[in-house]
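1. After the sequence you'll find the predicted model.
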Amino acid sequence: MNLRIEPIGLVLAVIYALACWGARKLSLDQFYLPAGIRVAALLLCPPRLWPYLFLGEYAYFAQMRYPMVEKYGLAWVILASVSLMPTVATIVRLHRKMVIATTQAWLLSVGAASAVAVTSLNLVLMHLLWPTPDVPLLTGAARYMVGDFIGILTVVPLALLWASRRTELAWTGRFLTPSIAALALMILTGIASALVPAESATVKSSLQLLMALPAIALTCLLGWRGAAIAVPSLNLIIGLTTPKPYPLAFDATTFTTQMIMAIASIALLLFGSRITHYYHRYQIRDDGERNALKLARNSHMASEKGLRERALHLRKLGDGIEVSLKEVVTWLKLQGHHEIANGLMNTATLHSQQFRTQASMVYPTALDQLGLYVALQAGGVRECWDQSNRVTRPRLEGDPCMLSTGLQLAAYRALTEAVPLLLEHEFGQIMVRARCGGFGSQRGILLVVALLDSAQPLSETTAAMVDEHLAGLPLAYGGFVHCRRNRIRIVLTEAAARSPARATDMPRQNWVRESIRSGQ
């Protein structure tokens, strides 16, 4: 056997034995804290250190039960001392797969199984090995099971909370303030119940039950964290305020309250674990949505970057062609071919203008320096709208330069998609409106592309094509697309920059709400 004695293990054994000894001084059979320390130690320590926990358990039982050898017999002292820890260790070992689960409901299974197993072993060994058993079977079973289970629910949640301190969120004011308030209320109520005379058992029980209200509130607010703080505090206050006139004292009134609180503790732990479980699922989904939006925006900007480089390359090609044509025209004039030179110059000017219009449709380079509105009024898209003779002069409000370049590009693409859809599938004149603004921490733009005739609704085909072609960009930028009556409304939003708000912002009025109004 290659047995290595680790100093940390010996220290652990000593600490465990002292913890059990000190907890026993504060315990009763109906409120047994060493049972919770036993389970907590097995959960916190890796299996390679469990033998040292066994050693600490045996040392604790040795100093406590050695004086009982003459009264109860050596066989009971040995068997009752060496059998409990391996039994609980086996239960914890069997629950290791459940421990990895996202919820903490496995704690109740470990606690219940440990309480039943330890109580059964104790009672069987008592009735088999004690000369004259003085503990009734059913009464003792109820007292020991409830005491062990309450002790486990008092110690283990705090141990698990401490073990998860690095994986959970930091304890900010959002967590500390309700925790301190709930603990203060429970402590004050517990002190008040302890000061009630023994004759007023009903008042005392009522005050003890009232301590469950802050525990419920804390669980609702913080989920598993709240339950892990509230349940141990609740049981600890009731247990420490139980009268202890002698070591084996039993308080029937408090025992009834403790059984009620044990049931309430089960409900709180289950409720808190489910709250935390669904909160984590929501957080994961929320993070996934944010990442998806971020990827969509990055993909959009990457595609726009490629289009920008292509538009700049086309502009360089156009400039080179113009230079070559001017040289040809100059040579023709020198040769006396003035009519051919003038005709070539007119044709080259017309095609050059069309070429630059198409290049600006690929990417509006004016948008980078002068903003969205200049790109709409001076770029190729405006010439295309004018050539259709169906698009009225756009009504543009606000300062688009407060928005990011990506959002302005998304608005530009949305307009260049929406207007051709109405030109192709609808009849009549078309109006275009844009309004930039902000509210609070949000900035954005409202785009409206509508038929001038308000009595002419959009067809179902147009609405379906709008959803198919225009739904992507608003989703990527936290907005939406609505088709209502004769118009298409597009809202694009983003987080506001850190610069101070501009005069174009709409104070005390959410521009997103404005987008819902049919008149905007």
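-> On my side now, so go ahead.
2. what sits against residue 76?
-> Residues in contact with residue 76, defined by Cβ atoms under 8 Å, 6 or more residues apart in numbering, are 125-126, 129-130. To be clear about C-beta, it is placed using only N, CA and C from the backbone, and glycine gets the same treatment.
3. By pLDDT, give me the weakest of those.
-> Among those, residue 130 has the lowest pLDDT, at 79.
4. Quick check: what element follows the longest helix seen in the chain along the chain?
-> Ranked by residue count and defined by DSSP state H, the top helix of the chain is helix 252-334. As assigned by DSSP states H and E, the chain's next helix or strand after helix 252-334 is helix 338-362.
5. what's downstream of that next one, the next helix or strand?
-> helix 365-370.
6. contacts for that next one?
-> With Cβ under 8 Å, 6+ apart, helix 365-370 has contacts from 308, 311-312, 315, 360, 374-375, 378-379, 405, 408-409, 412.
7. Around residue 318, how many other residues sit close by?
-> Neighbour count of residue 318, defined by other Cβ atoms under 10 Å: 17.
8. Next: residue 162.
-> Residue 162: 11 neighbours (other Cβ under 10 Å).
9. Please renumber the chain so that the first residue is 42 from this point on.
-> Yep, numbering from 42; the last one is residue 203 now.
10. Per-residue pLDDT of it, please?
-> pLDDT, read off for residue 203, is 86.
11. Return the distance of it relative to residue 78.
-> Applying Cβ to Cβ, to the nearest Å, the value for residue 203 to residue 78 is 13 Å.
12. Next: residue 392.
-> Taking Cβ to Cβ, one finds residue 392 at 89 Å from residue 78.
13. higher neighbour count, the two?
-> Taking other Cβ under 10 Å, residue 392 and residue 78 do not tie; residue 78 has more neighbours (26 against 14).
14. coming back round to it: how far off helix 379-403 does the longest helix of the chain point, in degrees?
-> 180 degrees (axes from the mean of the first three to the mean of the last three Cα atoms, to 10 degrees).
15. what does the average pLDDT come to for helix 293-375?
-> 80.
16. which stretches of this structure form strands?
-> 436-438, 471-480, 483-492, 521-525, 528-536 (DSSP state E).
17. For residue 276, which of the ones you listed is the nearest?
-> strand 528-536 (45.7 Å; Cβ to Cβ).
18. quick one: buried residues of the closest one?
-> 528-535 (16 or more other Cβ atoms under 10 Å).
19. nearest to residue 498, of those?
-> Of the buried residues of strand 528-536, the one sitting nearest to residue 498 (Cβ to Cβ) turns out to be residue 528, at 9.4 Å.
20. List the beta-bridge partners for that closest one.
-> residue 491, residue 525 (DSSP bridges).
21. is it true that residue 506 touches residue 461?
-> No. Using Cβ atoms under 8 Å, residue 506 is not in contact with residue 461; the gap is 10.3 Å.
22. more neighbours, the two?
-> residue 506 (18 against 15).
23. so what's the residue lying closest to that one once chain neighbours are set aside up against?
-> What sits nearest to residue 506 in space, not counting adjacent residues and going by Cβ to Cβ, 6 or more residues apart in numbering, is residue 462, at 5.7 Å. By Cβ under 8 Å, 6+ apart, the residues touching residue 462 are 503, 506-507, 510.
24. Take those residues and, keeping just the buried ones, write it as a ChimeraX select command.
-> The buried residues among these can be selected in ChimeraX (16+ other Cβ under 10 Å) with this line:
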select :503,506,507
